[in-house]
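Asker: This is a predicted model, with the sequence first.
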Amino acid sequence: MTLLQRDRENIELGREDGRELGREEGSFSATKILKLHNKGMNNESISSSLQLDPEYVSSVISNYKNE
């Protein structure tokens, strides 16, 4: 195995770890958003309190309502 092959494998492993972490964080954020929404908070307040993008908050709530 060359150094280049090893480096490529390590880069791919890092990407996989990053994707997994991103999914976990996204799921956690979505859960928090929906809990606050169900308590009656508006999208702007949720976005501000969780320090998330308002469009992301709206998207999560919209997807929840459509299911």
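Answerer: That came in fine, so what should we check first?

Asker: Contact partners for the nearest residue to residue 37 once chain neighbours are set aside?
Answerer: Nearest in space to residue 37, with sequence neighbours left out and distances taken as C-beta to C-beta, 6 or more residues apart in numbering, is residue 61 at 5.4 Å. Bear in mind the C-beta positions are built from the backbone N, C-alpha and C, glycine included. For residue 61, the contact set (C-beta atoms under 8 Å, 6 or more residues apart in numbering) comprises 33, 34, 37, 43.

Asker: same question, residue 60
Answerer: The contact partners of residue 60, by C-beta under 8 Å, 6+ apart, come to 29, 30, 33, 34.

Asker: The contacts of residue 61: which two are farthest apart?
Answerer: Comparing every pair within those by C-beta to C-beta identifies 34 and 43 as the most remote, at 11.8 Å.

Asker: hang on, the earlier thing: would you format the contacts of residue 61 as TSV with neighbour count included?
Answerer: Compiled in TSV, those are given as follows (neighbours: other C-beta atoms under 10 Å):
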residue	neighbour count
33	24
34	15
37	18
43	17
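
Asker: just checking, next helix/strand downstream of the lowest-mean-pLDDT helix or strand in the chain?
Answerer: In the chain, no helix or strand scores lower on mean pLDDT, DSSP states H and E than helix 3-38, which sits at a mean of 84. Tracing the chain past helix 3-38, the next element assigned as helix or strand by DSSP states H and E is helix 43-50.

Asker: Give me the residues contacting that following helix.
Answerer: Residues from elsewhere that reach helix 43-50, judged by C-beta under 8 Å, 6+ apart: 29, 32-33, 36-37, 41, 52-54, 56-58, 61.

Asker: Of those residues, just the buried ones, PyMOL syntax please.
Answerer: Typed into PyMOL, the next command selects the buried ones out of these (criterion: 16 or more other C-beta atoms under 10 Å):
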select buried, resi 32+33+36+37+41+52+57+61
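
Asker: Make CSV out of the contacts of helix 43-50 and add distance to residue 6.
Answerer: Listed next are those as CSV, based on distance: C-beta to C-beta, whole Å:
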residue, distance to residue 6
29, 35
32, 39
33, 41
36, 45
37, 46
41, 49
52, 38
53, 37
54, 43
56, 37
57, 41
58, 43
61, 45
